[in-house]
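A.B. asks: A structural model of the following input is requested.
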Amino acid sequence: MNLIVLMKQTFDTEEKISLENNDIREDGVEFIINPYDEYAIEEALKIREEQGGEVTVITVGPDRSESALRTALAMGADKAVLIDDEGAAGDEYGTAKILAAAIQGREYDLILAGNMSIDNGSGQIGPRVAELLQIPQITTITKLDVQDGKAVAERDVEGNIEVIEAPLPLLVTAQQGLNEPRYPSLPNIMKAKKKPLERLTIADLSVQEDEVESKSAVINRYLPQKKAACRMIEGGAAEQVKELVNILGNEVKVM
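C.D. replies: Next comes the predicted model:
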């Protein structure tokens, strides 16, 4: 089985995000593999361990994305590909075009990706890549069985389970609950340093920069408003009602 995993490096979920000049500050911020992509990596590794083959992890991003790729290699992936996003717009349209161009010409039976990224949360990359490659797709899967040139996947649908069968080649996106991603061991971390990591630019792919220009634009970024502290109203029920009406009418002015 030739397996390809689409991966993204994102902010650590524990990080406190700060903005400067309408952009996210990256100084001193910890970056990790997008958590949903970890499920995709783990599932690819499990399939390879059962059926043999090779796992290649591909990402589009800046140089710092190498650390996430090395982590994926330490988890057990065989190869990694880093596509420099300089000159790319960076929205889902452009990123999917770049990934599809990088995959075309490679041998693959199954492509796995996270259901969405925790920063943008669009859930578009996997489906867009599948459409560009003209292969079937199954999204938000929680179980996967690959045998005899076909895949059977399960996905949660409003409290029920939907079972879908599709032929290979196929793209699937991973949802929480699919598996439990492994931690890289120290020996594998050391081995990862020697595993192949291919570096590409947009110029190396069969696309032009104007083909991956953004179809959307970020107009503004802002942090959520801080929640006001809870205010307790003292006294008996009648006093509390009177005070609440006073607050709503004179302070909050909703009455």
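A.B. asks: which residue ranges form the strands in the stretch 1-150 of the chain?
C.D. replies: In the stretch 1-150 of the chain, the segments counted as strands under DSSP state E, counting those that start in this stretch are 2-6, 9-11, 19-20, 23-24, 31-33, 54-61, 79-84, 110-114, 137-147, 150-157.
A.B. asks: nearest residue to Ala174 other than its sequence neighbours?
C.D. replies: Tyr39 (3.8 Å; C-beta to C-beta, 6 or more residues apart in numbering). No exception for glycine: its C-beta is placed from N, CA and C like everyone else's.
A.B. asks: try Pro127
C.D. replies: Gln137 (5.7 Å).
A.B. asks: isn't that neighbour right up against Val172?
C.D. replies: Yes. Contact criterion C-beta atoms under 8 Å: Gln137 and Val172 qualify, at 7.0 Å.
A.B. asks: of the two, who's got more company?
C.D. replies: Remark: of Gln137 and Val172, Val172 carries more neighbours, 28 against 19, as counted by other C-beta atoms under 10 Å.
A.B. asks: check which helix or strand covers that one.
C.D. replies: strand 170-174 (DSSP states H and E).
A.B. asks: go through stretch 103-111 and flag the buried ones.
C.D. replies: Across stretch 103-111, burial judged by 16 or more other C-beta atoms under 10 Å covers 103, 108-111.
A.B. asks: and for stretch 22-31?
C.D. replies: Phe31.
A.B. asks: re earlier: sheet-wise, list the partners of the strand holding Val172 with their directions.
C.D. replies: Take DSSP bridges as the rule and strand 170-174 pairs in its sheet with strand 110-114 (parallel), strand 137-147 (parallel).
A.B. asks: make a markdown table from those strands and add distance to Glu66 and mean pLDDT to it.
C.D. replies: Formatted as a markdown table, those follow (distance: least, C-beta to C-beta, whole Å; pLDDT from 0 to 100):
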| stretch | distance to Glu66 | mean pLDDT |
| --- | --- | --- |
| strand 110-114 | 19 | 97 |
| strand 137-147 | 28 | 96 |
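A.B. asks: of the strands of the stretch 1-150 of the chain, flag the one that's most buried.
C.D. replies: strand 110-114 (a mean of 27; mean count of other C-beta atoms under 10 Å).
A.B. asks: rewinding a little: next, the contact list for the residue nearest to Pro127, please.
C.D. replies: Residues near Gln137 by C-beta atoms under 8 Å, 6 or more residues apart in numbering: 126-127, 130-131, 170-173.
A.B. asks: is it possible to export the residues you listed to a markdown table including distance to Leu3 and pLDDT?
C.D. replies: A markdown table is the format used below for the contacts of Gln137 (distance: C-beta to C-beta, whole Å; pLDDT from 0 to 100):
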| residue | distance to Leu3 | pLDDT |
| --- | --- | --- |
| Gly126 | 14 | 96 |
| Pro127 | 18 | 97 |
| Ala130 | 15 | 98 |
| Glu131 | 20 | 97 |
| Leu170 | 11 | 97 |
| Leu171 | 11 | 98 |
| Val172 | 11 | 98 |
| Thr173 | 14 | 98 |
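A.B. asks: before we move on, the earlier item: want to throw the strands paired with strand 170-174 into TSV with distance to Leu197?
C.D. replies: Formatted as TSV, the strands paired with strand 170-174 follow (distance: least, C-beta to C-beta, whole Å):
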stretch	distance to Leu197
strand 110-114	19
strand 137-147	26
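A.B. asks: between those, which gets nearest to Pro196?
C.D. replies: Nearest to Pro196, of all these, is strand 110-114, at 19.2 Å by C-beta to C-beta.
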